[in-house]
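fold the stuff below for me.
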Amino acid sequence: MEAMYQEVKEKIKVMAVFDGGKVVPKVFKWSGRDYKVSNINIVYEEHEGKAVNYFFSVTCARGGVFKLKYNDIKLIWVLEEYWLE
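Next comes the predicted model:
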């Protein structure tokens, strides 16, 4: 079976832990469903003016890899894209 990729770019709600200057997403809600983060694969950041966008590649308990973005000035989360197998 071939993996499916989808670009999303939608605002989402995220439950995250802020610990020692780091943000760690734990659960996010998208399309009326809750997705529990089981693993954080990659974290990186990009500067956008004064803001920092933090990107997280996460694997979820129900399957799939999702790319989340957190903007530290606007305080919003965006689901950028996902891959499902």
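
closest to the centroid, which residue in this protein?
By C-alpha atoms, centre = their mean, the chain has its centre lying nearest to Leu68, at 2.0 Å.

let me see the contact set for that one.
By C-beta atoms under 8 Å, 6 or more residues apart in numbering, the residues touching Leu68 are 12, 14, 25, 28, 55-56, 58, 77-80. From N, CA and C alone the C-beta is placed, and that goes for glycine too.

in helices only, show me those.
Residues of the contacts of Leu68 located in helices (DSSP state H): none.

how about the strands in the chain?
4-19, 22-30, 33-48, 51-60, 65-71, 76-84 (DSSP state E).

can you redo these as TSV with mean pLDDT?
As requested, the strands of the chain are exported to TSV (pLDDT from 0 to 100):
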stretch	mean pLDDT
strand 4-19	96
strand 22-30	96
strand 33-48	97
strand 51-60	97
strand 65-71	98
strand 76-84	96
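
can you count the residues close to the closest residue to Thr59 other than its chain neighbours?
Once flanking residues are discounted, Thr59 sits nearest to Asn39: 4.3 Å by C-beta to C-beta, 6 or more residues apart in numbering. Applying other C-beta atoms under 10 Å, we find 10 residues neighbouring Asn39.

cool, thanks, talk later.
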